[in-house]
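# Mind looking at a prediction? Sequence and model below.
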Amino acid sequence: MKNVFAVLLVVLFGLTSCNTTSSQNTNLLLVSTTSTQDSGLLDVLLPAFSEKTGYNVQLVAVGSGQGLKIGEEGNADVILLHSPAAEKEFIANGFGIDRRLVMHNDFVIVGPPSDPAQIRGKSPVEALEEIFASRGTFVSRGDESGTHVKELALWKNAKLDPTGQDWYLETGQGQGATLSIASEKSGYALTDRGTFLAYKSNVGLEVLVEGDPFLLNVYHVITVNPEKWPNINLEGAKAFADFITSPEGQQIIAEFGVDKYGQPLFFPDADKTDEELGL
Amino acid sequence: MTEVFNITLLSLQVSTIATVISLLIGLPFGTLLALGNFRGRSFILSIINTGMALPPVVVGLVVAIMLWRSGPLGGLRLIYTPIAIIIAQTIIAAPVVTGLTAAALEALDPRFQQQLLGLGASRGQMVWYLWREARLPLLAALMAGFGSVISEIGASMMVGGNIRGQTRVLTTAIVLETSKGEFGNALALSTLLLVLTYLINLSLTWIQQRSRKANWQSAPRK
């Protein structure tokens, strides 16, 4: 018994000393979306960044809504999100600086292969109209994430309001869980292509609608405003933004997923402007 | 506001039903374990005691695998329904109620059992009097069972899916509000959950203490 206690003490001490000895400046707190984590991109990008710069990245993967709130509270150094309208507001309200275009991937509407609402190959607006008219099950993130915001914008574009319909399910969960629920319920869902490809083998869903300019999913990197939160790791944040927009970082983004899925999941955009992507 | 009301109602319904089913399973089973004298009894007790610490996510995962359309019980189409949450929560609460029931009855003086039988009580009557005698710790078992499921999140999220208006309960709603960055709402829901749990435990404690008082007062008359 005494021995167990001694071991516990040693472990506890070990843990606390780990926290205190590592210098604060090498820790970088990154808040990003579940889509970048679920797709596996950050598993490749972050080690490359750490190796090059020596920063130890602590990643918090949340929905874009929460990500921006965390940034507002100063609980992050740098954020990588895909909710352009909300990000602009974030900058305008003085919570962030140095917003840079990083990359895009695209959203797709997926559904059961039987496609009961007959949306295959249609435009996003037509597809939603068909789903609405035929009351096909639609599974929404419902969590104010970038994907959810995009989905709501699509419904608005189609001048339809699915809220409260019994076929419209709001999961309030991440993309992976939402795809699983859509699969179990034989429903449709909007998803980013990266997460879908990563989950494809586990869910009985197919891409039915794709390739519309409105379905672009654009990622920006933002440094949390050091004037509001002087404690943030400004150098680290800048190093991270520099790295993922550098030719080296952009190359990693361009090549990610090609070996596994036969196609890239993300497209580097550091040399483009928002306008060129239609934002 | 009505949405918060419905979420709260669903939480209470699901967890109460799960607790009641756990009681229906745990009370007889725990009694059997406490009073019975059969081979493998210690082994079963050790399994039950381990079950008292079952991680809800593990229960959620196993129940989900069973209920998925590809799973053995997929034909029942129960995944992402309140019934699925009730199943998972019953699996979480039943070992708690069983284990604490067994412990409560084992703590009774064994001579009491002999005495009851000696006075000519049938086995059924004996069990009834033992339950009466142990009603304070049995109520505690009930509270612990309810407490373990009303505050549980992993299983509700996995097998319920947190679907708005269908399977969203208080704990999953708290996670959602947090993930949206609506910390104020999350805190408000957390407070609501705590107050509700407190009120339920308060009333159970009140019943418990009232009967304790009655015990104490009736003692000198014996």
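Yep, that arrived.

# Does residue A:222 touch residue A:81 like I think?
Yes. With contact defined as C-beta atoms under 8 Å, residue A:222 reaches residue A:81; the gap is 7.3 Å. C-beta coordinates here come from the backbone N, C-alpha and C atoms, glycine included.

# so what's in contact with those two at the same time?
residue A:87 (C-beta atoms under 8 Å, 6 or more residues apart in numbering or on different chains).

# In chain B, what residue spans correspond to helices?
Along chain B, the stretches classed as helices by DSSP state H are B:2-35, B:41-51, B:56-67, B:82-106, B:110-118, B:123-133, B:135-150, B:154-155, B:170-179, B:183-218.

# coming back round to it: settle it for me: which of residue A:222 and residue A:81 has more neighbours?
Using other C-beta atoms under 10 Å in any protein chain shown, the more surrounded residue of residue A:222 and residue A:81 is residue A:81, with 29 against 25.

# Whichever residue of chain B sits closest to chain A and residue A:64, how far apart?
Closest residue of chain B to chain A, C-beta to the nearest C-beta: residue B:181 (2.7 Å). Computed as C-beta to C-beta, to the nearest Å, the residue B:181 to residue A:64 distance reads 9 Å.

# Those two: which has the busier surroundings?
Higher neighbour count among residue B:181 and residue A:64: residue A:64, with 31 against 23, using other C-beta under 10 Å.

# The more buried one against residue A:80, yeah?
No. Residue A:64 is not in contact with residue A:80 according to C-beta under 8 Å; the separation is 9.9 Å.

# who touches both of these two?
With contacts taken as C-beta under 8 Å, 6+ apart, residue A:64 and residue A:80 have residue A:33 as neighbours in common.

# what residues does the stretch 51-200 of chain A put near chain B?
The stretch 51-200 of chain A has residues A:62-63, A:65-70, A:142-145, A:164, A:169-173, A:177, A:181, A:184-185 near chain B, with proximity defined as C-beta under 8 Å from any C-beta of the partner chain.

# thought the residue of chain B closest to chain A was touching residue A:69?
Yes. Here residue B:181 reaches residue A:69: they are 2.7 Å apart, a contact under C-beta under 8 Å.

# Quick one: residues contacting residue 160.
With no chain named, the answer covers chain A. So residue A:160 contacts A:128-129, A:132 (C-beta under 8 Å, 6+ apart).

# that's the wrong chain, I wanted chain B
Residue B:160 makes contact with B:80-82, B:84-85, B:167-169, B:172 under the criterion C-beta under 8 Å, 6+ apart.

# just residue A:62 next, same as before
For residue A:62, the contacting residues are A:31, A:33-34, A:70, B:179, by C-beta under 8 Å, 6+ apart.

# Try it again at 10 Å.
Counting by C-beta atoms under 10 Å, 6 or more residues apart in numbering or on different chains, residue A:62 makes contact with A:31-34, A:37, A:68-70, A:76, A:79, A:81, A:143, A:145, A:174, B:178-181.

# partner residues bridging it?
Note on residue A:62: beta-bridge partners by DSSP bridges are residue A:33.

# For it, give me the pLDDT.
Confidence at residue A:62, expressed as pLDDT, is 83.

# where does it sit relative to residue A:34, distance-wise?
Separation of residue A:62 from residue A:34 (C-beta to C-beta): 7 Å.

# any shared contact partners between the two?
By the contact definition C-beta under 10 Å, 6+ apart, residue A:62 and residue A:34 are jointly contacted by A:143, A:145, A:174, B:179.

# now residue A:197, nearest residue through space, not along the chain?
Ranked by C-beta to C-beta, 6 or more residues apart in numbering or on different chains and with sequence neighbours excluded, the top spatial neighbour of residue A:197 is residue A:261, at 4.8 Å.

# Quick check: the one you found touching residue A:198?
Yes. Counting by C-beta atoms under 10 Å, residue A:261 does reach residue A:198; the two are 8.3 Å apart.

# Counting neighbours, go ahead and name the busier of these two.
Per other C-beta under 10 Å, whichever of residue A:261 and residue A:198 has more neighbours is residue A:198, with 22 against 15.

# Helices along chain A, start to end?
Under DSSP H, chain A gives helices at A:2-21, A:34-39, A:41-53, A:64-72, A:84-92, A:124-134, A:146-157, A:175-184, A:193-199, A:234-245, A:247-255, A:258-261.

# just the angle between the fourth one and helix B:170-179, please?
Here helix A:64-72 points in a direction 60 degrees away from that of helix B:170-179 (axes from the mean of the first three to the mean of the last three C-alpha atoms, to 10 degrees).
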